[in-house]
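> need a structure here:
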Amino acid sequence: MIVSKIFRDFYHFYFNYHQYDMSSILTTSNFSRRIQYALRITLSFLVGGCIAYGTPLNDQLATQYLIPVMCILAIQETFGMTLIASYQILTAITPISIFLFIIQKLGVQYEDYLAAELLLLALSFLVGYKCSQIPTRKIALLIISIFFATIVNQKNIPSTFIFLLLEEFVIGIGIALLVSLLIFPLFATLDVENRVNYCLKNLQQMQTTVVQAFLSDDQMSAQVLLARSSTIEQMVRTAMNLIQTRLNEASMEPSRCLQRIFNRRRRHLFDLTLQEQEDFLSSWMFHVCSLQLMVKQCQFNEYHQNFKHALQEILTHLNLCQSTFISSFISSSIITRDELNGRINELQQALNTLRHLSIEARLRQVEHALQSAIKIQSDDHLSHAFFLFQIATIVRLVTQTMGIDENKSSSQEMIETRKKKQKRKHRTILERFKPEWPRLASAFKSMVIIGVGSIFVMVPRLASVFENGQWILIALCMTQGDTVGGALTTMKRRLIGTLFGAMWAYITYLSVEDHVYQTFGMLVPWILVFGYLKSSSEWNYAATVASFTPVLINLGRIPYGDALPAGNYALLRIEENLVGIAVASVLTILIFPIFAIDVLKNNIETILQLCRQSTDSMQTIYSHLFQKERFDITIVDVEQQTDQEIKSFIAAQRSRFHQLISSQRVLLEFTSLEPTLWWFQNKFPIVRYEMLAAQQTDIFRMLHNIDAILMRIHECSNHDENQIKILQMYADGNILSTGLHNELTNLCRQLSDCINLWASYFTSTQTCCYRIVRNCSCTRQSLNESDLAKHKQYLVELHQTIHRLQNEHQESVNRLLNYYLDRLTQGDLPVNFVPYINNDRAYIIFIGIAAMCYSTTELARAALALGTNIHTIFELETTNLYRSF
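A predicted model of the protein is given here:
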């Protein structure tokens, strides 16, 4: 038993496959993953170094130190990412190497500066245009720069020099791939599985904490629990941020095969694809955050206390049942399918009990209100209905998604995958070869930067001053970025990494001088430390540079011996990087600059338009649902698809939103480094933009809730038409469906108008450089005073809409109470005029309508908060109203 446990722990630790109920934190901690990554980098370096210096390659190659350097550069955190990076690099540098071999054969040689300069510029432009991925572009420019810097400054270069360089790059990449596959492999597929397990555990904990806050005796106790749930939410968001990236990396791995191998003992319980798991997590996260929002706004008054006391025991029991059900999928112990079905039944029974008790509690509240002649506040009525609907939706989502579909075979999966591939847009030949102006501008910028850097190589006087100046040129190659902020971030981190690496290189030389293997011994702990730091987002590129800089300095100067002292070589490396970074920073800002603030505003505009599309599709779905004032009309979306395709459409919208909002948070970091004094009246309002991201999430979350409510009402309405008609009539003459339709129509119109105006603001305040580079146009659509007055009017209308909705909802509740009073006065029993007492589907529709009323009001509130924040951002960036001391 002990041996089996030790083997299991080692197995999970080695292959980075985690269960979160294990006693050993070593197998599941971030520390262990970073240590494993550092070991992979270090072992890759050692294997590359031994091949470069311990085999006949040592005598055949002049720049054999590039092999261990490429081993460090090529290895990535996951095997899928390493495979993608290696594939992109090889497909870029192989044709370049063939072309460079041809031009060297045609006569480009020592001191042939003009021809070399022209060819370097042409190749830089071509690489800048074809290589859209910045890391691939950097490596391609690196090999081109090394080639031209060598052939124009050194005599007697062999004609196969470029293929020798290619050989070193290929060997380094091959070693990185093998080490990434064999030594503590982290497959992107399993990393997604680990993140899903982590999120399942913590989302359940977050939901439990929110329910505990709902059941608190007072608001202060609830706030303490909500603070805890917010901390858990941030942890879950951090884990989920990389899932979409990992999904792209997993496309290069045999994902389903890996899932079947590592999940073979639990395939009878859980067998979702990676994308299905991501969709499930994001949907559950939206619903739990909606619960959290409701509890934050909950008034702990008499209505709530009575409701809480009636449901406290069953809510606690339901949470326990759901927690037990979720643990079935993340626990190391395996249960049978019958046991799982038993847990599903327990959870479903708990939900049914909650429905019955909530009906009784609601009727008691109505009875108390009628007897005491007090009003039930619509906010209390709607918010608690919203809470119950969210709980029911989460339970349904969990049980339907996590259970295995026994009818789904591998052939059906292949058919579904083929359908998805067929739906992808395929570019025509004309589209493939049609010039793209943004890429042309980016390629021209890259060409100019490389051309300026080549001056330090091609001009003999500068080349002699800077020891051929190749490190200046290489620094210019390796500090390029998609945006000015991204490039400046790269430059800052490269400078930090160079300083650290050069210092350790000098210490290494003083300790072991020119002994190769003793140098390896000094470099191993250094690479291990910075390999560990490389996993950190703050140290990523800086740690990479710090890792390979001492390799370049110590191993690169060994052939020169005492002719090039180590101290001078280290200082030269720092000096040339400083010069290269200084030149690159100026050129990055002056030549077709793409500022991160412009990309950020484009991202915000895209999210706003996505929200507008979501409001349009929501209104279309609602119109079809309540068409002809009936509940039994089949829902179709704008393309008249099936229900399952509607769900896929909503899931795709949600996934797209998560990608955009994650990119927005990264762009905020880049934007904070950019010089804003040229176009902002004040310092970049990063706090306002962070608030903006949260407010966009609030809006999209409410839109998602309304979509989920509509889909659920549709499903229930198709099963029992008679009960639905009775339910529709009992609410005072069809007032619920008609009122909701008008509310939703008016709110969608207001949101569309507001979003179009807000999007035009972000478009009009983008810099002229961005419009020239991206749209090949310098025209600027400016916001005039009438637009600003219109914006204020829209905010006033939204504020009025909130009050109107609250009043209408209160009137509806009052009419409902009067209706109950009239029927009771006539001697009727509640079972005769409250149709949802004995009908679960009618009950779901009833609380669904109430939850939708609550969601529309919260949607209007979220839109008002977003519009107010955007108005403040506009004033901060374009007016002199706010002046710092």
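> Measure how buried V3 is and give me the count.
7 (other Cβ atoms under 10 Å). C-beta here means a position set from N, CA and C on the backbone, and glycine is covered the same way.
> Let me know the helix or strand that it is in.
V3 is located in helix 2-15, with elements delineated by DSSP states H and E.
> I'd guessed M478 sits against K138; true?
Yes: taking contacts as Cβ atoms under 8 Å, M478 lies within contact range of K138: 5.2 Å.
> Which one's more surrounded, these two?
Here M478 and K138 are set side by side on neighbour count (other Cβ under 10 Å), and the busier one is M478, at 23 against 20.
> ok, back up a step: any idea which helix or strand comes after the helix holding V3?
helix 30-53.
> Now do that next one and helix 2-15, the angle between them.
In terms of direction (axes from the mean of the first three to the mean of the last three Cα atoms, to 10 degrees), helix 30-53 departs from helix 2-15 by 70 degrees.
> what packs against helix 30-53?
For helix 30-53, the contact count by 3 or more Cβ pairs under 8 Å, 6 or more residues apart in numbering; DSSP states H and E identifies helix 66-74, helix 161-182, helix 516-533, helix 540-557 as packing neighbours.
> can you give me how far the shortest one is from the chain middle?
Right, the one you point to is helix 66-74. Computed by Cα atoms, centre = their mean, to the nearest Å, the separation of helix 66-74 from the middle of its chain amounts to 29 Å.
> L200: which element?
Secondary structure assigned from DSSP H and E places L200 in helix 188-214.
> before we move on, back to that, and of the helices and strands packed on helix 30-53, who's closest to F101?
Nearest to F101, of all those, is helix 161-182, at 5.1 Å by Cβ to Cβ.
> which of the residues in that closest one are buried?
Judged by neighbour count (16 or more other Cβ atoms under 10 Å), helix 161-182 contains these buried residues: 161-162, 164-177, 179-180.
> still on that earlier bit, by how many degrees do the helix holding L200 and helix 30-53 diverge?
Angle of helix 188-214 versus helix 30-53, following the same axes, to 10 degrees, is 160 degrees.
> Run through the helices of the stretch 251-400 of the chain in chain order.
For the stretch 251-400 of the chain, applying DSSP state H, counting those that start in this stretch gives helices covering 255-262, 274-297, 302-330, 337-372, 378-402.
> want to try a markdown table for the ones you listed, with mean pLDDT as columns?
Below are the helices of the stretch 251-400 of the chain laid out as a markdown table (pLDDT from 0 to 100):
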| stretch | mean pLDDT |
| --- | --- |
| helix 255-262 | 83 |
| helix 274-297 | 89 |
| helix 302-330 | 89 |
| helix 337-372 | 85 |
| helix 378-402 | 88 |
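> Can you check which of the ones you listed gets nearest to V666?
Nearest to V666 among the helices of the stretch 251-400 of the chain is helix 274-297 (18.4 Å), distances taken as Cβ to Cβ.
> Run the chain-centre distance for that closest one.
15 Å.
> what's the answer for stretch 41-52, then?
Distance of stretch 41-52 from the chain centroid (Cα atoms, centre = their mean) equals 34 Å.
> Restricting to C-alpha, output stretch 206-219 in PDB.
Extracted as PDB, the C-alpha positions of stretch 206-219 are listed here (Å, rounded to 0.1, in the frame of the first residue of the first chain):
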ATOM      1  CA  MET A 206     -16.500  30.000  -3.700                       C
ATOM      2  CA  GLN A 207     -20.200  29.100  -4.200                       C
ATOM      3  CA  THR A 208     -20.300  27.600  -0.700                       C
ATOM      4  CA  THR A 209     -18.900  30.800   0.800                       C
ATOM      5  CA  VAL A 210     -21.400  33.000  -1.100                       C
ATOM      6  CA  VAL A 211     -24.300  30.800   0.100                       C
ATOM      7  CA  GLN A 212     -22.900  31.100   3.700                       C
ATOM      8  CA  ALA A 213     -22.900  34.900   3.200                       C
ATOM      9  CA  PHE A 214     -26.500  34.700   2.100                       C
ATOM     10  CA  LEU A 215     -27.300  32.800   5.200                       C
ATOM     11  CA  SER A 216     -25.500  35.200   7.500                       C
ATOM     12  CA  ASP A 217     -27.300  36.800  10.400                       C
ATOM     13  CA  ASP A 218     -26.200  40.400   9.500                       C
ATOM     14  CA  GLN A 219     -24.600  42.300   6.700                       C
END
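> neighbouring contacts of it?
By Cβ atoms under 8 Å, 6 or more residues apart in numbering, the list of residues contacting stretch 206-219 from outside reads 221-223, 225-226, 228-229, 232-233, 236, 288, 291-292, 295, 298, 300, 308, 312, 315-316, 319, 322-323, 387, 391, 394.
> Counting neighbours, which of those residues end up buried?
Of all the contacts of stretch 206-219 considered here, the ones buried according to neighbour count by 16+ other Cβ under 10 Å are 222, 225-226, 228-229, 232-233, 236, 288, 291-292, 295, 298, 300, 308, 315, 319, 322, 387, 391, 394.
> tell me, how many neighbours does the nearest residue to I802 once chain neighbours are set aside end up with?
The spatially closest residue to I802, leaving aside those adjacent along the chain, is A860, at 5.0 Å (Cβ to Cβ, 6 or more residues apart in numbering). When neighbours are counted by other Cβ under 10 Å, A860 registers 27.
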